[in-house]
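Chemist: build the 3D model from these lines:
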Amino acid sequence: MGLISIFRDATVPTTASTVVTVKSGDTFANLSDRYNVFISVLERANNKYGDDDLLVGDHLIIPDNNNDANDDNSSKQHSSSKKQSQSLLDSQEAWNEANAEAKAWISFHESTDSYTAQNGRYYGRYQLDTAYLNGDYSPANQERVAEQYVAGRYGSWVNAKAHWEMYNWY
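Modeler: Model (predicted):
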């Protein structure tokens with residue numbers, strides 16, 4: 001097992017909206033060192049809690065780490081804490097936006113945004129298998145089933161889009 005440094009070098013500048021793609025060999029420890037963010041912050045921001053949750057091609061949010069380790073002033077520590085909280089909110093907002101964009105991209109590429117598009121047994125805006133829809137082809141059911149399908153299979157729309165781009169299906 002390798003050593004994990006408690007000191008961080010700012011080797012790669014980040015902003016609250018930085019999104020990175022997991023590559024072969026990436027771990028939370030090396031991503032933490034590379035982007036100057038604590039492992040626990042990475043895990044919490046991405047709802048992944050161990051290296052086994054990292055898959056090549058996954059997209060991760062790298063939150064901005066604005067904490068000042070040399071600051072002993074309690075008001076500045078409070079300010080730093082508020083900045084970290086805001087950074088986490090900003091990273092979640094960026095993640096939500098990235099997922100919304102990926103969902104819209106998939107919808108357009110699957111059906112040009114049509115809830116009535118058909119291709120064999122695949123139906124609707126997200127070209128879901130009709131068996132998944134259980135006879136209810138309403139837009140509301142298509143949205144609900146698409147969310148369940150993507151969450152269960154890929155974890156996020158960003159990851160589903162990455163899969164689509166690699167294999168031309170999701």
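Chemist: how many residues are close by the spatially closest residue to H109 that is not a sequence neighbour?
Modeler: Counting by Cβ to Cβ, 6 or more residues apart in numbering, H109 lies nearest to W164, which is 6.9 Å off, once chain neighbours are set aside. For every residue, glycine as well, the C-beta is placed using N, CA and C. The burial metric for W164, expressed as a neighbour count using other Cβ atoms under 10 Å, is 18.
Chemist: what's the helix or strand for W164?
Modeler: Using DSSP states H and E, W164 sits within helix 157-167.
Chemist: and the gap between the residue nearest to H109 and Y170?
Modeler: When Cβ to Cβ, to the nearest Å is applied, the distance between W164 and Y170 equals 4 Å.
Chemist: now T130
Modeler: For T130, the distance to Y170 equals 17 Å [Cβ to Cβ].
Chemist: more neighbours, these two?
Modeler: For T130 and Y170, the more surrounded residue by other Cβ under 10 Å is Y170, and the numbers stand at 23 against 14.
Chemist: what about the closest residue to K161 other than its chain neighbours, neighbour count?
Modeler: If the residues on either side of it in the chain are set aside, K161 comes closest to A102, at 3.9 Å by Cβ to Cβ, 6+ apart. When counting by other Cβ under 10 Å, one arrives at 23 neighbours for A102.
Chemist: likewise E93?
Modeler: 13.
Chemist: on that earlier part again, could you report the pLDDT at the residue nearest to H109?
Modeler: Predicted confidence (pLDDT) at W164: the value is 95.
Chemist: fine, thanks again, bye for now.
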